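1. Here is my input; please provide its structure:
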Amino acid sequence: MISRRIAPRCLAVLLAAATALPVGTAAADPALPAPGPEAELVPGIPPGPYQPWQIDTPDQALPPRVYQPGAEEDAVEPRDAAAGTYELVELVPLGDAVARVTCSKLTGPYQRQVERWLKRKVDGKQSAGDCKAIRAFQVKQKIKPAIGFAGAVTWARMQLISAEKNPNAAKKCPVRSYRVACVDLTRQLTWVQKGEKVVYGPVPMRSGRAGYRTRAGWHTVYWRHKNHVSTLYNQPMPYSQFFSGGQAFHAVYGSIFTTVGSMGCVNLRLSDARALWSVLKKDDRVYVWGRRPGT
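-> Numbering: from 1, shown residues only. The predicted structure follows:
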């Protein structure tokens, strides 16, 4: 998904050049937008036929009409996502995307964080050595295009890797004897823990954009609807689990990595939303904290 702030002229240039870019999709993984330079960034490879340029996401603006789905409805499993929907596609400078550079000379919005994670000299400036190290990480993680640009997808992937062993190392999510779905807006990660044991995740997610922030604090899963459809966009919201008004965990059939966040829901990849569906139950608690960059 392309940022609203990208000028139409730039978008036209990108689309005109798309046929010269490697075949792929605009979909990607974790959502951690950065301020400032994001307005000039675009997906490094063009979208596939099933993943158009889109601005908004399927979400539920208002609390849904709650009812008990029948056995026939519940027996229907949401359709699978198209192959490649959730590939890791970095947002890169427009010029780099069009020129198909092999190693970017430009400083990325997460340069310092990426340098620190890779144990490079932390000066916030791109160098040939930085690019080589970042590119090696991107190749290993199958991030496209692997041009060494320190973008949000690369940094988010690093944060996910760092969190895998102990996502609650900072003790930001309260430990309780019952299940708690933890939603870390700052790192754009979610997991479920019971006591100190992590029983699901962590997985990447996308939370609400500026003006539609995912509400912080304690919530309760009050309705689960496997085959919910958004009343805002008339689009599917598979495996919806509502916890605060119209805000819910649910899958999306597109990128959860965008410079613009959701309309408040916690967007997940289909496989992650399906797994979460089997873990959470009605009346389980949800705890949300932090702040999505740019909100």
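2. Distance from the longest helix along the chain to the middle of the chain?
-> With secondary structure taken from DSSP state H, the chain has its longest helix at helix 128-141. Shown here is helix 128-141, whose average C-alpha point lies 22 Å from the average C-alpha point of the whole chain (CA atoms, centre = their mean, to the nearest Å).
3. what's in contact with that helix?
-> Outside of helix 128-141, the residues that reach it under the criterion CB atoms under 8 Å, 6 or more residues apart in numbering are 88, 90, 103-105, 111, 114-115, 118, 120, 143-144, 146-150, 154, 157-158. Where you see a C-beta, it was placed from the backbone N, CA and C, and this is true even at glycine.
4. Quick check: next helix or strand after it?
-> strand 143-144 (DSSP states H and E).
5. Just give the strands next to that following strand in its sheet, each with its orientation.
-> As defined by DSSP bridges, the strand partners of strand 143-144 come to strand 88-89 (parallel).
6. and the end-to-end length of stretch 122-129?
-> With CA to CA, to the nearest Å as the measure, the ends of stretch 122-129 fall 12 Å from one another.
7. got it, and stretch 73-88?
-> Taking CA to CA, stretch 73-88 runs 33 Å from one end to the other.
8. ditto for stretch 56-63
-> In terms of CA to CA, the two terminal residues of stretch 56-63 are separated by 19 Å.
9. Also stretch 248-259?
-> 20 Å.
10. Equivalent analysis for stretch 195-214, please.
-> Using CA to CA, first and last residues of stretch 195-214 are 24 Å apart.
11. tell me which residues in it are buried?
-> Buried residues in stretch 195-214, counted by 16 or more other CB atoms under 10 Å: 198, 200-209, 212-214.
12. Tabulate those residues in CSV, adding columns for secondary structure.
-> Formatted as CSV, the entries for the buried residues of stretch 195-214 read as follows, by DSSP: H, G, I helix; E, B strand; the rest coil:
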residue, secondary structure
198, strand
200, strand
201, strand
202, strand
203, strand
204, strand
205, coil
206, strand
207, coil
208, strand
209, coil
212, coil
213, coil
214, coil
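13. for these, which one is nearest residue 277?
-> Using CB to CB, residue 200 is the member of those that lies nearest residue 277, at 10.3 Å.
14. The helix or strand harbouring residue 242 pairs with which strands, parallel or anti?
-> When elements are defined using DSSP H and E, residue 242 is found to belong to strand 236-244. For strand 236-244, the paired strands and their directions (DSSP bridges) read strand 223-229 (antiparallel), strand 247-251 (antiparallel).
15. Return the mean pLDDT over that strand, rounded to an integer.
-> Within the predicted structure, the mean pLDDT of strand 236-244 is 97.
16. same thing with stretch 93-103?
-> 94.
17. same thing with stretch 247-267?
-> For stretch 247-267, the mean confidence score works out to 92.
18. again, but for stretch 175-183
-> Averaged across stretch 175-183, pLDDT comes to 98.
19. about what we covered before: relative to residue 179, which of the buried residues of stretch 195-214 is nearest.
-> Within the buried residues of stretch 195-214, distances to residue 179 taken as CB to CB reach their minimum at residue 200, with 8.9 Å.
20. any idea where the strands of the stretch 51-200 of the chain begin and end?
-> In order along the chain, the stretch 51-200 of the chain carries the following strands (DSSP state E, counting those that start in this stretch): 88-89, 91-93, 143-144, 179-184, 189-194, 197-204.
21. Of all these, which one comes closest to residue 40?
-> Taking CB to CB as the measure, the strands of the stretch 51-200 of the chain were each checked against residue 40, and strand 91-93 came out nearest at 5.9 Å.
22. Let me know how buried residue 78 is, in neighbour terms.
-> Residue 78 is surrounded by 20 other residues when neighbours are defined as other CB atoms under 10 Å.
23. same thing with residue 41?
-> 26.
24. ok so, going back, ok, and what's touching the strand holding residue 242?
-> 58-60, 63-64, 78-79, 181, 215, 219-230, 248-253, 265, 268, 270, 273-274, 276-277, 280, 286.
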